[in-house]
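Starting from these lines, generate the structure:
(chains A and B)
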Amino acid sequence: MDLNGSQMVIEALRREDVKTVFGYPGGAIMNVYDEIYKQNDFEHILTRHEQAAIHAADGYARASGDVGVAFVTSGPGFTNAVTGLANAYIDSIPMVVISGQVPITMIGTDAFQEIDAVGISRPCVKHNYLVKDVKDLPRILKEAFYIARSGRPGPVHVDIPKDVTAQSAKFVYTESITMKTYKPTYKGNKRQIKKVVDAIADADKPILYIGGGAVNSNASELVREFAKVTGIPAVETLMARGVLGDDNPLLLGMVGMHGCYSANMGMSEADLMIAFGPRFDDRVTGKLSEFAKHAKVIHVDIDPSSIGKIVDIDYPIVGDLKNVLTDMLPLVKEKIDSKKYQSWRDLLKRYDEIHPLGYSDDKGNIKPQWVIARVGELLGDKAIISTDVGQHQMWTAQFYPFSRPRQFVTSGGLGTMGFGFPAAIGVKKAKPEKISINISGDGSILMNIQELMTAYESKIPVINIILNNGYLGMVRQWQTFFYDKRYASTDLSGAQPDFVKLAESFGGLGFRVETKEEFDEALEKAVKSNVVCMIDVNVDRLEDVLPMVPAGGTLYNMILEHKG
Amino acid sequence: MATTTQNNDIRRVLSVIVTNEDGVLSRISGLFAGRGYNIDSLTVAPVPKTDFSRLTIVTCGNEKVLEQIVKQLHKLIPTYKVIESGEFVEKEMALVKIPLDEDFNGLDAMLKAYNGTIANSGADFIVVMVADNAKRIDNFLQAINKYNPVDIVRSGSVAMDV
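Numbering: from 1, shown residues only, chains lettered A, B, ... in the order given. This is a model prediction of the structure:
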């Protein structure tokens, strides 16, 4: 069957079972939009900024596990999308982003809205294509989806010149695909798995270090079983929150810069670290020479380049965690006695009792941590929580009772302020039965505030909870701790929008909250309203995220108290 | 093929087989630039009768860096193979332009010692050509200095595993 380039795009999306796409039209992508207009296979959500389209596709992918899809035009449409691509790349999120490009005949002439898109996206994506011949387009689209979702997932960018979207060729779209040069390793080496189990059996103080790979691999059930069978205490990275579930007795909590005391002490004192799909980010490891100083390290990861990149690994296993655990569990059940680690568990429990994660609540001021814990109490598993970046993000990671993976959608690696709201829009499209909450700050929320229009128009009832402290709080906290309270460009209290009126002007609902009672009331109304909401919560201005490991500090040396 | 240079950096020759497609060279060079790896030399040409190109990259770094370079090269989608170990025949070419009014005493013997020939002779200059391993090219270029060359062009290494 002969199709033109635009029809090929639509047909490929249909074959890939894409139900929702996000995007923003423009000159170079208009032929494709004309075909989007004519079809009924998928819904197109018009965002109000290209960055938001990419984040929405990203949030969609994180919540569903499917490939997120977004469209942008050439030039500024594409450059606006770059932050979104980089954000998805560093967090390993499967995504296909299709951009328009000026016609092939004009490439290289500095034409209107021309930019070297593949040149710019190259370091921000898993792979990219500039389509030079319409005959290649079906294969490229097939490869794009395959590359995005296989191996270590990631965004793939396809740049299509306008003339290619109009030219016709035969449409051949194979069911499956093999690529000569790209063959991810899924099965772990059996002999190595056996060695690893022996190492675990020999250990006295093992710790399970769970990363985002456990989510991407959909391995959380197996990880839970591994923890249960072995009785090995566990920590989760920011990206892995929810893998074990909040009520899991073996879960010490989050690890790293704002991890809890027992988790970081467990990492520091362990004699064996069992890493399931983390990437040893500097926000987790702290000072490398002191990290896991007494431990042998097992690292299971699908990306060989992740293994040994930061920390020397004693037992590397390349493979999909799900497959590796399937092979490992029978051996574990046979060889490992969970009683062996009882005293180790007791010690870590003791650490948790000495310095538990907490905050001192206040009758007058609303503490930001209270808001998050309260949302958890009221909505729990019914909500999927997205965040922006900053203090509110860390408090959410610390205090929300995540009970399953894909319940927490946050920008981990890139730390992109402005991610939360569009991501929550994507989340709601992926999981309409869930309540989509974006917990944000008064700084971050303004970075993609225009998405109020998207959410209103497309009837996507995201609830934005703004923990308003009138500061760029995380930077302010660092200024308090390390810059002698010189609050350079972080005090936002002098100029703020009226968030209630702002929401209302876009057709949404706004609530201003000064007391705990008002918060409960506002949240209840917002959940019932079925329209985009902003809950502007006036919180304690100078609350800090604690505990804290200063950047480059050692995990066992945490700041536990306020600086006052 | 690994030799240690100053500050524990190891020189390594990598032979990388990649799909011969648009932009593949910039993927590779971008990887090196973006991650702060060194490229001492890089040559590229199509592999006859295939869809592949071969890049010969001479790089240096400590063991950990070199391991990452190989892994990151593998991670690029168009990379088919990275050959890093084992025996290589490594050759590099150099062209040297020498003014005709120099005293060429001993030049013949020197060229012979380095498999060299006179590639061209013009009104004012001769151009000599040598092909040998990179270390020996270094030595040759040292020695040829006495003829006061006005221009030197090195090709970068090509290598074949044996």
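
low-confidence ranges in chain B?
Scanning chain B with the threshold set as pLDDT under 70 gives B:1-7.

Sketch out the helices for it, chain order is fine.
With DSSP state H as the criterion, chain B has helices at B:24-34, B:63-75, B:107-113, B:134-144.

could you dump the ones you listed to a markdown table with distance to A:Lys431 and mean neighbour count?
Every C-beta, even on glycine, is put in place using the N, C-alpha and C of the backbone. Shown next, in a markdown table, are these (distance: least, CB to CB, whole Å; neighbours: other CB atoms under 10 Å in any protein chain shown):
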| stretch | distance to A:Lys431 | mean neighbour count |
| --- | --- | --- |
| helix B:24-34 | 36 | 16 |
| helix B:63-75 | 32 | 18 |
| helix B:107-113 | 75 | 14 |
| helix B:134-144 | 59 | 16 |
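
hang on, A:Gln51 packs against A:Ala81?
Yes. Using CB atoms under 8 Å, A:Gln51 is in contact with A:Ala81, at 6.5 Å.

Would you map out the domains in chain A?
According to automatic domain parsing, chain A comprises the domains A:2-170, A:190-354, A:368-538.

quick one, which of the helices of chain B is nearest to chain A?
Chain A lies closest to helix B:63-75 among the helices of chain B, at 3.8 Å (CB to the nearest CB).

So which other helices or strands are in contact with that closest one?
Where contact means 3 or more CB pairs under 8 Å, 6 or more residues apart in numbering or on different chains; DSSP states H and E, helix B:63-75 is packed against strand B:10-19, helix B:24-34, strand B:52-61, strand B:79-83.

now the ones you listed as a markdown table including distance to A:Ala12?
Putting the helices and strands packed on helix B:63-75 into a markdown table (distance: least, CB to CB, whole Å) gives the following:
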| stretch | distance to A:Ala12 |
| --- | --- |
| strand B:10-19 | 21 |
| helix B:24-34 | 24 |
| strand B:52-61 | 27 |
| strand B:79-83 | 25 |
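
I'd like those written out as CSV, with distance to chain A added.
Output for the helices and strands packed on helix B:63-75, formatted as CSV (distance: least, CB to the nearest CB, whole Å):
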stretch, distance to chain A
strand B:10-19, 6
helix B:24-34, 5
strand B:52-61, 9
strand B:79-83, 5
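
For A:Ala240, find the nearest of these.
Nearest to A:Ala240 among those is helix B:24-34 (26.8 Å), distances taken as CB to CB.

Give me the phi and psi angles of A:Gln496.
phi -140, psi 150 (degrees, to the nearest 10).

Just list the residues touching the residue nearest to it when sequence neighbours are not counted, thanks.
Leaving aside its chain neighbours, A:Gln496 sits nearest to A:Asp442 (6.4 Å; criterion: CB to CB, 6 or more residues apart in numbering or on different chains). Neighbour list for A:Asp442: A:Ile466, A:Leu467, A:Asn468, A:Asn469, A:Gly470, A:Tyr471, A:Leu492, A:Gln496, A:Asp536 [criterion: CB atoms under 8 Å, 6 or more residues apart in numbering or on different chains].

okay, A:Asp442: pLDDT?
pLDDT recorded at A:Asp442 is 98.

now the contacts of A:Asp442 in a markdown table, with neighbour count and secondary structure?
Below are the contacts of A:Asp442 laid out as a markdown table (neighbours: other CB atoms under 10 Å in any protein chain shown; DSSP: H, G, I helix; E, B strand; the rest coil):
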| residue | neighbour count | secondary structure |
| --- | --- | --- |
| A:Ile466 | 27 | strand |
| A:Leu467 | 32 | strand |
| A:Asn468 | 27 | strand |
| A:Asn469 | 24 | coil |
| A:Gly470 | 19 | coil |
| A:Tyr471 | 24 | strand |
| A:Leu492 | 18 | coil |
| A:Gln496 | 13 | coil |
| A:Asp536 | 24 | strand |
